[in-house]
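Chemist: need a 3D model of the sequence below.
(3 chains)
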Amino acid sequence: MFMKPRLKRSFFNRSTLDVARELLGQRLVKLESNGTRVSGRICETEAYIGMKDDGCHAKSGLTHRNRSMWGQAGTAYVYFTYGMHWMLNLVTESDGFPAAVLLRGIIPQEGIELIAQRRATQPTDHWTDGPAKLCQALLIHGEYDGLDLCHPQANLFVEQDDKIADEFVTIGPRVGLNRVEEPWKSKPWRFQAPVELFVDRGGRDNDATER
DNA sequence: AGCACGATTAACT
DNA sequence: GTTAATCGTGCTC
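Modeler: Next up, the predicted model:
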């Protein structure tokens, strides 16, 4: 099994909307300390863009909590919310401009046994279909805030994988922004790819197990 | 110093 | 569809 290249900083150092769209289909990988790969293909993202965006944490200016958003593209912005949940964002655009893409869902690919353990109380379909759920599955927490995913030795990164064609991408408003004002509340900055697109159609060793 | 609330999840009626 | 869980953060007094 050959390894695909990791996404470079030039991928993240672009318009946040482009990055959010293009991340669909790409593979989020966590390398555990024993070398085990736990990964999934990204199927849902949201863009948060600058201090004017009322839905973006950067709206309140630079604080201890949100400082990672001002970092260079490819930096992780991991924050804690609701007293119990961690969320993973990937910082975009130029160094000094606060913007990031929230990863809201992945389709499990590798390390399934570990994911099953970490998400043991929930059915397969709901292992990684939410921003806090995927952080549970990959054990991503505050120590990852500020991590450079483009550093050659980072144990968390995004690997190149097959793109998702435009015809399959659903674009709509971001979710969970209850008290956010218009026009920000309704900006179509959420990108989704359907789960069916990621099912393994076999073709290699598992033809016999299909059908 | 106090307080309202959150880029959510899981359990429950 | 409704709601408890659970606490750091940012804003007001």
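
Chemist: what's the helix or strand for the residue lying closest to residue A:111 once chain neighbours are set aside?
Modeler: Nearest residue to residue A:111, sequence neighbours excluded (C-beta to C-beta, 6 or more residues apart in numbering): residue A:38, at 3.1 Å. In short, each C-beta sits where N, CA and C put it, glycine included. Under the criterion of DSSP states H and E, residue A:38 resides in strand A:37-49.

Chemist: for the residue nearest to residue A:111, what are its contacts?
Modeler: A:29, A:30, A:32, A:110, A:111, A:114, A:115, A:137, A:138 (C-beta atoms under 8 Å, 6 or more residues apart in numbering).

Chemist: returning to that earlier point: the strand holding residue A:38 and DNA strand B in contact?
Modeler: Yes - judged by C-beta under 7 Å from any atom of the strand, strand A:37-49 comes into contact with DNA strand B through A:46, A:48.

Chemist: so after that strand, what's the next helix or strand?
Modeler: Criterion used, DSSP H and E; the element after strand A:37-49 is strand A:76-81.

Chemist: so what's the gap between that next one and the chain middle?
Modeler: Relative to its chain's centre, strand A:76-81 lies at 12 Å (C-alpha atoms, centre = their mean, to the nearest Å).

Chemist: just the angle between it and strand A:37-49, please?
Modeler: 80 degrees (axes from the mean of the first three to the mean of the last three C-alpha atoms, to 10 degrees).

Chemist: strand A:76-81 near DNA strand B anywhere?
Modeler: Yes - contact of strand A:76-81 with DNA strand B (C-beta under 7 Å from any atom of the strand) involves A:77, A:81.

Chemist: sheet-wise, list the partners of the strand holding residue A:38 with their directions.
Modeler: Strand A:37-49 sits in its sheet next to strand A:27-31 (antiparallel), strand A:99-110 (antiparallel), strand A:190-192 (antiparallel), going by DSSP bridges.

Chemist: follow-up on the earlier one: how about the contacts of residue A:38 in a markdown table, adding neighbour count?
Modeler: Below are the contacts of residue A:38 laid out as a markdown table (neighbours: other C-beta atoms under 10 Å):
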| residue | neighbour count |
| --- | --- |
| A:29 | 24 |
| A:30 | 22 |
| A:32 | 13 |
| A:110 | 16 |
| A:111 | 21 |
| A:114 | 18 |
| A:115 | 23 |
| A:137 | 24 |
| A:138 | 27 |
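
Chemist: in CSV: these, plus distance to DNA strand C.
Modeler: Listed next are these as CSV, based on distance: C-beta to the nearest atom of the strand, whole Å:
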residue, distance to DNA strand C
A:29, 27
A:30, 23
A:32, 25
A:110, 29
A:111, 26
A:114, 24
A:115, 22
A:137, 18
A:138, 20
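
Chemist: keep only those that also lie close to DNA strand B.
Modeler: Checking these against DNA strand B (C-beta under 7 Å from any atom of the strand), there are no matches.

Chemist: in TSV, list those along with pLDDT.
Modeler: What follows is these, written out as TSV (pLDDT from 0 to 100):
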residue	pLDDT
A:29	98
A:30	98
A:32	98
A:110	98
A:111	98
A:114	98
A:115	98
A:137	98
A:138	98
